[in-house]
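Peer 1: Give the three-dimensional model of this entry:
(chains A and B)
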Amino acid sequence: RKEVEQDPGPFNVPEGATVAFNCTYSNSASQSFFWYRQDCRKEPKLLMSVYSSGNEDGRFTAQLNRASQYISLLIRDSKLSDSATYLCVVNTISSGSARQLTFGSGTQLTVLP
Amino acid sequence: NAGVTQTPKFRVLKTGQSMTLLCAQDMNHEYMYWYRQDPGMGLRLIHYSVGEGTTAKGEVPDGYNVSRLKKQNFLLGLESAAPSQTSVYFCASKPQGSEKNIQYFGAGTRLSVL
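Peer 2: This next block holds a predicted model:
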């Protein structure tokens, strides 16, 4: 089982739609959670951190359920510029006690005009 | 402010050739990382460094070596390239003590091994 699993996608939605991505993680000791965005042939960039109480940044809402080991990202009023791959990322402590990031394989979103 | 810079951006190798990928960061970050990204696999950690002169193995270290002789540079070496090492390689850095563990990525190096 992968440590971080995401919806396989791809998601093709019309402009203005609301779309939700889900992610589960297997390591219950994970401490920090993030959504990164990766445009085609570009590097990943931090979209937002995910907090236990849930957090919002404009049209983006992230939620975390530690009991279910589940993370979600909701995008409202989607724009053409939201088209990208969204990576679910979890911070874990490795066997060497160094904090590392574990990446999901990503969910591809295409927003259609 | 350049951030994290990777060179080269593209490279084609023949099986058995060697090469070094260079990652340079100008943010005075302590931690540096090398990842590879393959279709359907997400980013996988190859090696990382928690400071100048130190390196450690990640999830997929076989076939790679690294060095961190200077704080700002993290080199990834392929001694004898194999087709299985065809991938996109990303370098990242992070400041020490960042509890949120946010990493900053370079633009990537696309490597093809024929």
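Peer 1: For the strand ranked longest in chain B, give me every contacting residue.
Peer 2: Taking residue count as the measure and DSSP state E as the definition, the longest strand of chain B comes out as strand B:42-51. By C-beta atoms under 8 Å, 6 or more residues apart in numbering or on different chains, the residues outside strand B:42-51 that reach it are A:4, A:44, A:87, A:98, A:100-101, A:103-106, B:30-38, B:55-61, B:64-66, B:68, B:71, B:74, B:76, B:89-90, B:96. All C-beta spots, glycine's among them, are computed from the backbone N, C-alpha and C.
Peer 1: Mind checking which of those are buried?
Peer 2: A:4, A:44, A:87, A:100-101, A:103-106, B:30-37, B:55-58, B:60-61, B:64, B:66, B:68, B:74, B:76, B:89-90 (16 or more other C-beta atoms under 10 Å in any protein chain shown).
Peer 1: Residue numbers of chain B in contact with chain A?
Peer 2: Taking C-beta under 8 Å from any C-beta of the partner chain as the contact definition, chain B meets chain A at B:33, B:35, B:40-45, B:48, B:50, B:56, B:58, B:90, B:99-103, B:105-108.
Peer 1: before we move on, the earlier item: out of the buried ones among the contacts of strand B:42-51, which sit inside strands?
Peer 2: Among the buried ones among the contacts of strand B:42-51, the residues falling in strands (DSSP E) are A:4, A:44, A:87, A:100-101, A:103, B:31-37, B:55-57, B:66, B:74, B:76, B:89-90.
Peer 1: Tell me where chain A has strands.
Peer 2: With DSSP E as the criterion, chain A has strands spanning A:4-6, A:11-14, A:19-25, A:32-38, A:44-50, A:55-57, A:60-65, A:70-75, A:84-93, A:99-103, A:107-112.
Peer 1: can you redo those strands as CSV with distance to B:Val113 and mean pLDDT?
Peer 2: What follows is these, written out as CSV (distance: least, C-beta to C-beta, whole Å; pLDDT from 0 to 100):
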stretch, distance to B:Val113, mean pLDDT
strand A:4-6, 27, 93
strand A:11-14, 33, 96
strand A:19-25, 32, 95
strand A:32-38, 23, 94
strand A:44-50, 23, 93
strand A:55-57, 40, 93
strand A:60-65, 38, 96
strand A:70-75, 35, 96
strand A:84-93, 24, 90
strand A:99-103, 23, 84
strand A:107-112, 26, 96
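Peer 1: Tabulate those (TSV), appending distance to chain B.
Peer 2: Listed next are those as TSV, based on distance: least, C-beta to the nearest C-beta, whole Å:
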stretch	distance to chain B
strand A:4-6	7
strand A:11-14	16
strand A:19-25	11
strand A:32-38	5
strand A:44-50	5
strand A:55-57	12
strand A:60-65	13
strand A:70-75	15
strand A:84-93	4
strand A:99-103	4
strand A:107-112	11
